[in-house]
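K.L.:
sequence and predicted structure below; questions after.
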Amino acid sequence: MNNNFDLVVIYRRMEKKDVINYIPVYCEIGTYNQESEVFTTTKGKKYHHMIEGEEYAFLGRLPLSRYTDLYPKSSLFTIKTKAFINNAKHRYILSESEGNVPIVLQVEKNNECNIFLDSDLINFYNKYYPELEIDNIIGNNEMNISDVYKELTSKIIGQDEQIKQILSTIWKQYNNEDKTFNYNMLINGPEGVGKTTIFKLLEELLGIPCVIINAKRLGSEGYIENILLNLLKKTEFDVKRAKTGILVIDKLEKISTNSKERHSTSSKTLQEIIINLIDEGVFTINTIDNGKYRFSMDKLLIIGIGNFNNNENLRNTTVGFNTVLEDNTLDSYGIIPELANKFPILIEMNNLTLDDYINIIKNSTLSSLNTNREFLGKRNINLEISEEVINMIARIAYDRKLGAKSINVILESSLALAEFEIASNSSLYESLIIDKSTIKDNKKYTLVKRKNN
């Protein structure tokens, strides 16, 4: 992502009863030429400022770096979407001063027109500007499934086929005309392979509200109502949108009938709570301001996540597009049959290989190596680390069998003292060198001073 670019919102000129309105239609990334006063997108399209009065025009030009600093872990698509939604809450009226110079007047939309969702946006344009080609407007701001796949696989390593299956299942869920059937998924895999991270990223990329809960807490009084309240908060209390969100039930192995953990509520009872949640889930949610919301679970996508891999029979099992699990697989998971029937889609995540760990360190955009390189790079400091050290970190993480998270723990621990020194004297250094001794003892690092110091 080139932070030398600017981000603008593109508006379309619309005339209503002799009043010229400019309505936001999408966002663009590109560069602005001060002399010609033209904004050129990365794809070569050219736009003038709204004040020029052309059919398509730009407004709200800000450095892309402003957005990347504000949303440091967000994709370019997410940044463009956030910028568009913020600007879509306003329209502009083009007027003329006495000197015949166009001026732009900002007009706040009323509550009816506040935009939080694509569906709201569509309704707004269809009602007030039906002549606009709404599919083109929304299409410029949508991320297709291949874009989402690329974004996910740039962060989650070693699970390409599983990500494809998750995405195709979600695609079917949200394009399913049979509203009586949900494509609920059960995902099994070892710790740290990205099971819950995938859904956190999907919430950001697709704008689908998602809440992740701990299966062990399902028996707590009021827990489910609080979770649904959080889902409503994520959608600004838009019940229609919240009801089509995603509920991820994590740590299912902790309530497996095979589990040796002790609960105040039995494992079977906790599983039955999930069944009732899916089958009879209509809740009344009370808010602090005495508001009441009726929440039906029938359209909510349920994702069960667990690490059942202690069972020897499961360790070499993989599930792809053309693979069907044995009938007794969920029974071996310790999932009672009544609950097993609620999950028509079963996905087995891969164990991470040593090469996967190396790949995560070097290529995942979530890797601490890459995030710290970017962070220090913005301060003109190089982070240097050899292939030998990368292989060493990968081997340690692989032996611990705790997944990708352990990589970041090792790296952050190794960098902590060096980065404290940099924070204390940031203008003094040009390079930080991490070697094998740093991984063993984080006091042993090398900082190279700038030549003019």
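P.N.:
Happy to help now that I have it.

K.L.:
please make it C-alpha for all contacts and neighbour counts, starting now.
P.N.:
Noted.

K.L.:
need the three-state assignment for Q173.
P.N.:
What DSSP: H, G, I helix; E, B strand; the rest coil gives for Q173 is helix.

K.L.:
which phi and psi does the residue nearest to it when sequence neighbours are not counted have?
P.N.:
Leaving aside its chain neighbours, Q173 sits nearest to Y183 (5.8 Å; criterion: Cα to Cα, 6 or more residues apart in numbering). Dihedral pair for Y183: phi -90, psi 60, per degrees, to the nearest 10.

K.L.:
which ones are touching Y183?
P.N.:
The contact partners of Y183, by Cα atoms under 8 Å, 6 or more residues apart in numbering, come to T169, I170, K172, Q173, L301, F343, P344, I345.

K.L.:
separation between it and I145?
P.N.:
Computed as Cα to Cα, to the nearest Å, the Y183 to I145 distance reads 17 Å.

K.L.:
any weak-confidence spans in the protein?
P.N.:
1-3, 73, 88-90, 96-143, 177-180, 261-265, 280, 290, 310-329, 453 (pLDDT under 70).

K.L.:
mind naming the longest helix for it?
P.N.:
In the chain, taking DSSP state H as the definition, the longest helix is helix 404-424.

K.L.:
follow-up on the earlier one: which pair in the contacts of Y183 spans the largest distance?
P.N.:
K172 and F343 (14.7 Å; Cα to Cα).

K.L.:
the more surrounded of the two?
P.N.:
F343 (18 against 13; other Cα atoms under 10 Å).

K.L.:
can you give me the domain assignment for the protein?
P.N.:
Domain ranges of the chain: 6-139, 156-348, 354-449, per automatic domain parsing.

K.L.:
okay, how far is it across the shortest one, tip to tip?
P.N.:
Read that as domain 354-449. Domain 354-449 has its terminal residues 35 Å apart, counting by Cα to Cα.

K.L.:
surely Y32 is in a strand?
P.N.:
Yes: Y32 sits within a strand when classified using three-state DSSP.

K.L.:
tell me the buried residues in stretch 422-440?
P.N.:
I422, L428, Y429, E430, S431, L432, I433, I434, D435, K436, T438, I439 (16 or more other Cα atoms under 10 Å).

K.L.:
what does stretch 146-163 give?
P.N.:
Quick answer for stretch 146-163 (16+ other Cα under 10 Å): 148-149, 151-153, 155-159, 161-163.

K.L.:
where do the strands of the stretch 251-400 of the chain begin and end?
P.N.:
Applying DSSP state E, counting those that start in this stretch to the stretch 251-400 of the chain gives strands spanning 282-286, 292-296, 301-306, 345-348, 382-385.

K.L.:
quick one: strands adjacent to the second one?
P.N.:
Spelled out, that is strand 292-296. Applying DSSP bridges, strand 292-296 is found paired with strand 282-286 (antiparallel).

K.L.:
ok, and what's touching the strand it pairs with?
P.N.:
By Cα under 8 Å, 6+ apart, the list of residues contacting strand 282-286 reads E225, L228, L229, K292, Y293, R294, F295, S296, M297.

K.L.:
give the contact list for the last one.
P.N.:
The neighbours of M297, taking Cα under 8 Å, 6+ apart as the test, are K243, L277, I278, E280, G281, V282.

K.L.:
can you select the buried ones from the residues you listed in ChimeraX?
P.N.:
Paste this into ChimeraX to select the buried members of those, with burial taken from 16+ other Cα under 10 Å:
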select :243,277,278
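
K.L.:
of the contacts of M297, closest to K233?
P.N.:
K243 (12.1 Å).

K.L.:
about what we covered before: farthest-apart pair in the buried residues of stretch 146-163, please.
P.N.:
Across the buried residues of stretch 146-163 (Cα to Cα), the longest gap, 16.1 Å, separates V148 and G158.

K.L.:
which stretches in the stretch 1-150 of the chain count as helices?
P.N.:
64-70, 76-87, 118-128, 134-139, 145-153 (DSSP state H, counting those that start in this stretch).

K.L.:
okay, now the closest residue to M349 other than its chain neighbours: neighbour count?
P.N.:
In space, and not counting its chain neighbours, M349 is closest to G189: 4.7 Å by Cα to Cα, 6+ apart. Neighbour count for G189, taken as other Cα under 10 Å: 20.

K.L.:
and if you look at I410?
P.N.:
17.

K.L.:
how close does it get to I439?
P.N.:
Counting by Cα to Cα, the gap from I410 to I439 is 7 Å.

K.L.:
need the overlap of contacts for these two.
P.N.:
Common neighbours of I410 and I439 (Cα under 8 Å, 6+ apart) are I393.

K.L.:
show me the contacts for I157.
P.N.:
V193, D356, N359, I360, S364.

K.L.:
same thing but 6 Å
P.N.:
I360 (Cα atoms under 6 Å, 6 or more residues apart in numbering).

K.L.:
for it, helix, strand, or coil?
P.N.:
coil.

K.L.:
find the nearest non-adjacent residue to L201, please.
P.N.:
Closest to L201 by Cα to Cα, 6+ apart is L152, at 7.3 Å.

K.L.:
gap between the nearest residue to Y357 once chain neighbours are set aside and I439?
P.N.:
Nearest residue to Y357, sequence neighbours excluded (Cα to Cα, 6+ apart): A394, at 5.2 Å. Distance, A394 to I439, using Cα to Cα: 11 Å.

K.L.:
returning to what we had before: please flag which of the buried residues of stretch 422-440 sit within strands.
P.N.:
Judged by DSSP state E, these include Y429, E430, S431, L432, I433, I434 as members of strands.

K.L.:
closest to L252 among those?
P.N.:
I434 (39.3 Å).
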